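# Dropping a prediction and its sequence here:
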Amino acid sequence: ANARVTWRNEEEDLSIALEVTNLTDEYYFYSSFDQRNNNGGRIATPARPREWAITLRKDF
């Protein structure tokens, strides 16, 4: 789950946004590839952890 909240002033020339990805900070695999039958191993890519960002925008 991801979330984003944005505030804008009345003139709509200034905005501040806060966003969070992987809101629950769940650990899961984004992809998995199994090659154990071919003398290989299992290749797995875990998902990104919780990340957050703040964006400030001013239009002139």
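Perfect, thanks for sending it.

# Run through the bridge partners of E51.
T21 (DSSP bridges).

# Identify the residues contacting it.
Neighbouring residues of E51 by Cβ atoms under 8 Å, 6 or more residues apart in numbering: V20, T21, N22. C-beta: built from backbone N, CA, C; applies to glycine.

# 10 Å - rerun?
N2, E19, V20, T21, N22, D25 (Cβ atoms under 10 Å, 6 or more residues apart in numbering).

# do the same with P49
T21, N22, D25, E26, Y27 are the contacts of P49 under Cβ under 10 Å, 6+ apart.

# quick check, it in a helix?
No: if the criterion is DSSP: H, G, I helix; E, B strand; the rest coil, then P49 is coil and not within a helix.

# Model confidence for the closest residue to N22 other than its chain neighbours, exactly?
Distances taken as Cβ to Cβ, 6 or more residues apart in numbering put R50 closest to N22, at 4.7 Å, once the chain neighbours are dropped. We have a pLDDT of 96 for R50.

# Then S32?
87.

# List the contacts of the one helix or strand it maps to.
Assigned by DSSP states H and E, S32 falls within strand 29-34. For strand 29-34, contacts defined as Cβ under 10 Å, 6+ apart pick out G40, G41, R42, I43, A44, T45, P46, A47, R48.
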